[in-house]
Structures are given as C-alpha cells and as structure tokens.
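In: Whatever this is, show me its structure:
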Amino acid sequence: VSSLDPHSQYFDKKSFKEFREGTTGRFVGVGIEITQEDGLVKVVSPIEGSPAFRAGLKSGDLITKIDDTVVKGLTMDQAVKKMRGEPNTKVILTVFRKAESRSFPVTIIREEIRVQSVRAKMVEPGYAWLRVSQFQDRTVDDFGKKLEELYKQDPALKGLVLDLRNDPGGLLEGAVAVSSAFLPTDVVVVSTNGQIADSKATFKASPEYYLRRGGSDPLKRLPEAVKKVPMVVLVNEGSASASEIVAGALQDHKRATIMGAQTFGKGSVQTVRQLGPDTALKITTARYYTPSGASIQAKGIVPDVMLDETAEGNVFAALRVREADLEKHIASGQGAEQKDEAREKAREEARKKLEAETAKKAEIKPLPEFGSAEDFQLVQAINRLKGKPVLVSKTAVERKAEAPAN
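Out: Model prediction:
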C-alpha cells in the first residue's frame, strides 16, 4: 500500500490502535509526525513539548536508523512500531540533516505524549497569540475556551496572531471549525474532489460541517468581535494538511494576512477503511482545494508576506523537504507541473553557503520557542497588526509544484 503514495498504509491491530490513540493526543513514543519517501522516514514536524522536540529534531530531518535497524525498506507502519514502546525506555535515532550536511545519533526516552494542542496568551495590551500545534479530537473545544479566555482578558482586542507553524495537521473537522470561528457563516472553507463519489464534498463555515459527532458547539459562546478582529496567520515548512486548509481559507476570503514561509504542501485526503475489528486501510482518495479552487497538493500555501526565521535570515530554508520533494508524491492536479528552476537555484546557493559555514565550523543556534519574547516572526506579525515596518525575507523563493518522479 505504501508504494501508492507517501501517505497510504495498512494498519494491523497494533498500528491501528496507535493511530486512534494519535487522534486523541495520547500515546507512548518519541513525538514526531512523519511521512515516507521510497522507504525512508522523514520528519514533517516534532510535536511541541515532546521528547523529540526537546531533543532538537526538525522538520525535514531524515531518520536513517532506529536503534540498530536500518530504516531503508521499512514500511511507515514498521518504523512507527520501532519508535513506539513502553514509557521510560530508550530509543536511538540516527538522523541525517540536509541543512547541516551531517548524520548524528539522537537518544530519546519514550514517554506518554499528551499533546496540549492549543496555547494562548496576551503578547501585550490589545494583541494576542493563539497557537494550534495539531488538530485532534479535543482541539476545537480547547480552541474555543482559549479564545474565549483571551476576550475576557481584553474584550477590545486590536489584533490576533494565529500560529500554525510546525502544525502537521490532523482532523479535517478541526480545520473547518477553526476557520469557521473567523469567517462569515456558510462561506466555503474547503472542498475535496477525487475519483469516487463520496470523495466529492464541500465544507462550509457552519456547525453542521464540524460537529459530525454531535454535541454542543464550542464556538457558540465566542463574541461577535472574533469575526472582525485583524489577524495574522503564521505558517512555515512544517505546516501541513489541516493547518494549510485553515491558512488557505483565511487567505482566500481575505480574512487574515498569511506570514512566514511556504507550507509543506500536503493537499491530499486520506480515508480510513476499517477491514475488521482491529485492522484498517488508510488510502489517499482525493485532493483538498481552497475556496478559490486552488490545490494545496505539492504547492502549499504561499504567504502574503515572506519572513525569515530569525533577524539573521534563513539561508538554508531551500534545503528543507516538502511534499513536492517526496518520491511518488501526488501531483496538484492543476495543469502540467514543471521543474522549479528558481528553487533549484536557491538550493544550490544554500548548499554553497552551507559548505562555507561548515568549513568554518559555525555553530547553528537553536531557534527560540514559539510565542517567546525572542520569537522573531511573532514580533513581525505584531508589527504588521500595528501598521509598523516588517522585516520581510530577503532569501525566500516561492516554490512551484514539481512533477512527481516516475
């Protein structure tokens, strides 16, 4: 199944249990969202606060060994099994990082991953930061509560930053709900289209599209001001799938300014078909389309304002892995895809810069925590909301959707 595309896979009893645990935000492991390319495991993004996050794993890292097992040739299911385990047990991942042109071992102690998918705070009077790190079962409830709390702290908010950086996605209903909180009722959030009848659907900004399991609407108590507060959405190369749906909807409806880096480009829909009580098949059945009809697949969301990660720049960004770099990736479905010469040129320049930096043995400083006072992109987002000058990227190059390899 995994030979079809990077996101299709078969779930046996154990892996199906782990998959279901993942959507609830509780499981035992290292805490990374992964994808696959020709039998190799690549990190989409580390889960915030997880052992992998604390160990410094980054979006685009390539895992070549898990303990003594070479990853080449393993299915994604087999790789996940080897990284999962009992709490307080050790696993050694051998990582190849293209941006630093080196391989190195990372020792991680497994623990129960309890993902707090929504965080929020007042950055300064009148301006708030709301982060969604993953779209899970409880994300919509937590999102509604956090946003309500922000308005209780300051009912006259002047600006809101929605932070979707390194958000690997998750449940479609969560993306529809978060988008709906800020959009007019009944406008289109996202549509899907595939080769089978039930893959064709349109999701709108209305509770019936995100309350599929029933229950009360967690967004009902939000003040009307939420629909009009000036917004910036922060994204980066680790923003994928559901987070791209939110960014695309808010961008197309001109509800928010999208800032940061071009997103991962996972615009394909996976459907889980249960084969028995404990087994299932996850298979790609359709593509996502933004309200304007644009495909996210292999292209991603292009920010309105490109930002570097730090004030010093982001010269190695072109070396990071996106959906369009994955072997057997699905095409965007919107015309012939051409080789992106501009991106190849940027990659070559980044490689030369990297070689020079490596020769000097330059130390690469870790990035500041999202939402901290040292978060350069957040500072630029607040500047944008205040109408102050923004330090835009001087190195970012828009990535075109590239043709999949044969």
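
In: Poorly predicted segments of this structure, please.
Out: Along the chain, segments meeting pLDDT under 70 span 1-4, 22-25, 37-38, 314-367, 400-406.

In: That one - how does it break down into domains?
Out: According to automatic domain parsing, the chain comprises the domains 26-114, 118-314+370-386.

In: Grab the nearest non-local neighbour of residue 278.
Out: Among residues not flanking residue 278 along the chain, residue 13 sits closest, at 4.0 Å (Cβ to Cβ, 6 or more residues apart in numbering). Every residue, glycine included, has its C-beta placed from N, CA and C.

In: Test my guess that the one you found contacts residue 279.
Out: Yes - when contacts are counted by Cβ atoms under 8 Å, residue 13 is listed as touching residue 279 (6.3 Å).

In: Identify all contacting residues around the helix or strand encompassing residue 378.
Out: Using DSSP states H and E, residue 378 sits in helix 376-386. The contact list for helix 376-386 (Cβ atoms under 8 Å, 6 or more residues apart in numbering) reads 123-124, 127, 129, 158-161, 163, 165, 230, 232, 234, 257, 259-260, 305, 307-311, 368, 370-372, 389-391.

In: Type out the PyMOL command that picks the buried ones from those.
Out: The following PyMOL line selects those of these that are buried, judged by 16 or more other Cβ atoms under 10 Å:
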select buried, resi 123+127+129+159+160+161+163+165+230+232+234+257+259+260+305+307+308+309+370+371+390
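
In: Among the contacts of helix 376-386, which ones are in strands?
Out: Judged by DSSP state E, the contacts of helix 376-386 include 123-124, 127, 129, 159-161, 163, 232, 234, 257, 259-260, 305 as members of strands.

In: still on that earlier bit, just name the most buried of the domains of the chain.
Out: Here the criterion is mean neighbour count by mean count of other Cβ atoms under 10 Å, and of those the winner is domain 118-314+370-386, at a mean of 20.

In: Span of that one from start to end?
Out: Start-to-end span of domain 118-314+370-386 (Cα to Cα, to the nearest Å) is 24 Å.

In: chain center to it, what's the gap?
Out: 10 Å (Cα atoms, centre = their mean, to the nearest Å).

In: Likewise for stretch 74-94?
Out: 22 Å.

In: cool, stretch 104-115 as well?
Out: Worked out by Cα atoms, centre = their mean, stretch 104-115 lies 19 Å from the chain centre.

In: and that stretch, C-alpha only, in CSV?
Out: Extracted in CSV, the C-alpha atoms of stretch 104-115 (Å, rounded to 0.1, in the frame of the first residue of the first chain):
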residue,chain,number,x,y,z
PHE,A,104,24.2,12.1,14.1
PRO,A,105,22.6,9.9,16.7
VAL,A,106,19.8,11.2,19.0
THR,A,107,19.0,9.3,22.2
ILE,A,108,15.3,9.8,23.2
ILE,A,109,13.5,8.5,26.2
ARG,A,110,10.0,7.4,25.2
GLU,A,111,7.1,8.9,27.3
GLU,A,112,3.4,9.2,27.1
ILE,A,113,2.7,12.0,24.7
ARG,A,114,-0.1,14.2,25.9
VAL,A,115,-0.4,16.9,23.3
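
In: which other residues reach that stretch?
Out: By Cβ under 8 Å, 6+ apart, stretch 104-115 touches 25-31, 47-52, 55-57, 83-95, 97, 133-134, 136.

In: Just the helices from the protein, written as ranges.
Out: For the chain, applying DSSP state H gives helices covering 13-24, 51-54, 76-83, 139-153, 172-182, 207-210, 242-252, 341-359, 376-386.

In: what's the angle from the third one to helix 13-24?
Out: Put simply, helix 76-83 runs at 80 degrees to helix 13-24, going by axes from the mean of the first three to the mean of the last three Cα atoms, to 10 degrees.
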